[in-house]
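Visitor: here is a sequence with its predicted model. Questions after.
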Amino acid sequence: MGTVNIEKMRPHVSVVRLNRPERLNAMSIELCLELRDTLEQIGRDNDCWIVVLTGSGRAFCAGLDLKDGSAIPNIEGLPIPRIGPHAMRIYSKLVPTMRQVPQPIIAAINGVAYGGGLCLALAADLRVASESALFNATGIVNGLTSTELGASWLLPRLIGAANSNDILLTGRRIDAREALRMGLVSRVVPDAELLELALEIASGMCEYSPYGVQMTKQVLWANLENPSLMAAIELEDRNQLMLGMTDNLPEAIRAFDEKRKPVYTDQPRRNIYGGD
C-alpha cells in the first residue's frame, strides 16, 4: 500500500485516504506527489462523481513532515536558488489541483489538521469534522509563516478576516466546536460517525446531475475570484443554460408528477423549442 489509497465505498464515490498513520499523515514529498497523481487520476474517472478526502488512523494530516528525508525529484542541474521554489511547489500545487478536479471534494477531518493539513481542508469544497478534530496554522509556530498553500486567500473567504487573522497570526489551536462556530466546517459528529456522514453527503449529491454538480463547483470557485456581480451572473447564466439544454429539468417535472425520485442522465433535451 502506498502513502495514498483510493477506495470505492459507494457507487460513484471515491474515498481518498492519506496513509501514513504512524506519522499522523504528515506531508512527505512522496505523499504529496502521490496525492497529486491520485487526484489527477480521479479527475479523469468519469464514473467518479464525488470525492471524500480523509486520513488513516487518528489524524487527517499533521502538516509538513519535518523529518522527511526524501530526495527532491528532478533537480539535477539546478542551482541552489532554484531548488527551493521547485521543492515548495510540490506542496503548494496540491491546492490548485484540488480546485481543478471536476468532482466536488468533501474533507472528512478526523483529528488534527495542522499547517498543510489545514490547507488541504481549506482547498476542499465541503468540510465535515469529527469531535476530536483540531486545526492549527503551524508555520508561524515553527518560525515560518502561516501564509502557505493558499491559506491567506482561502481562509478569509471562508470565515472572514477577523477569524482568519486570529488563526494565522496567533498559531492557536481551534477545536471542532469553535471551527463550526466560525464556519470553518459545516458539520461536527462523533469520531465513529464521521466517514459515514461524509459518505451519506456524497451519496446524496450523487442523486443530482453530475454535470450540474460539477458546474456548480466550477462557478463557486470562479466567482470567489470574480470582483463583479454582473460578471458572476453572466457566468451563472451560461452554466444554467448549458444544463437547461439537457433533459434534466423535464425529468425533474416528470418525477414530481409521478411521485418518484428523478434520474438525471445529462442527455440532450429534445423538442426544446418545439421542433423535433
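Guide: Okay, I see it. Numbers count the residues shown, from 1 in each chain.
Visitor: only C-alpha atoms for contact and neighbour calcs from this point on.
Guide: Noted.
Visitor: okay, helices next: where are they in this protein?
Guide: Taking DSSP state H as the criterion, the chain contains helices spanning 29-43, 80-92, 94-100, 116-123, 138-141, 151-170, 176-182, 194-205, 210-224, 229-244, 248-257.
Visitor: quick one: mean pLDDT for the longest one?
Guide: The reference is to helix 151-170. Averaging pLDDT along helix 151-170 gives 97.
Visitor: contact partners of that helix?
Guide: 119, 122-123, 136-137, 140, 146-147, 173-174, 182-184, 224 (Cα atoms under 8 Å, 6 or more residues apart in numbering).
Visitor: ok, the residues you listed vs Ala62, which is closest?
Guide: Asn136 (9.2 Å; Cα to Cα).
Visitor: and the closest one, how far from Ala179?
Guide: As judged by Cα to Cα, to the nearest Å, Asn136 and Ala179 stand 11 Å apart.
Visitor: and those two? Which one has more around it.
Guide: Counted by other Cα atoms under 10 Å, Asn136 and Ala179 do not tie: Asn136 has more neighbours, with 26 against 22.
Visitor: show me the contacts for that one.
Guide: Contacts for Asn136 (Cα under 8 Å, 6+ apart) come out as Ala113, Tyr114, Gly115, Leu118, Ile167, Gly171, Arg172, Arg173, Ile174.
Visitor: hey, what's Leu126 bridged with?
Guide: Beta-bridge pairing for Leu126 (DSSP bridges): Ile106.
Visitor: quick one: it and Leu243, what's the gap?
Guide: Remark: distance between Leu126 and Leu243 (Cα to Cα) = 23 Å.
Visitor: now Leu199
Guide: Leu199 is 26 Å from Leu243, by Cα to Cα.
Visitor: check contacts around Cys119.
Guide: Contacts of Cys119 were listed using Cα under 8 Å, 6+ apart, and they are Val95, Glu148, Leu149, Gly150, Ala151.
Visitor: need the contact list for Thr38.
Guide: Val4, Ile6.
Visitor: got a pLDDT number for it?
Guide: In this model, Thr38 is scored at 97, pLDDT.
Visitor: now the one 3 residues further on
Guide: On the pLDDT scale, Gln41 is placed at 97.
Visitor: neighbours of it, just the number please.
Guide: By other Cα under 10 Å, the residues close to Gln41 number 11.
Visitor: go on, Gly57?
Guide: Neighbour count of Gly57, defined by other Cα under 10 Å: 17.
Visitor: would TSV of the contacts of Asn136 with neighbour count be doable?
Guide: Converted to TSV, the contacts of Asn136 look like this (neighbours: other Cα atoms under 10 Å):
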residue	neighbour count
Ala113	29
Tyr114	25
Gly115	30
Leu118	24
Ile167	19
Gly171	21
Arg172	15
Arg173	17
Ile174	19
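Visitor: tell me the one of those residues nearest Pro102?
Guide: Ranked by distance to Pro102 (Cα to Cα), those are led by Leu118 at 21.3 Å.
Visitor: quick one: residues contacting the closest one.
Guide: Taking Cα under 8 Å, 6+ apart as the test, what Leu118 contacts is Cys61, Gly63, Phe135, Asn136, Ala137.
Visitor: from Arg10, how far out is the nearest residue to Val4 once chain neighbours are set aside?
Guide: The shortest distance from Val4 to any non-neighbouring residue, by Cα to Cα, 6 or more residues apart in numbering, is to Leu18 (4.7 Å). In this view, Leu18 and Arg10 are 18 Å apart by Cα to Cα.
Visitor: good, we can wrap up now.
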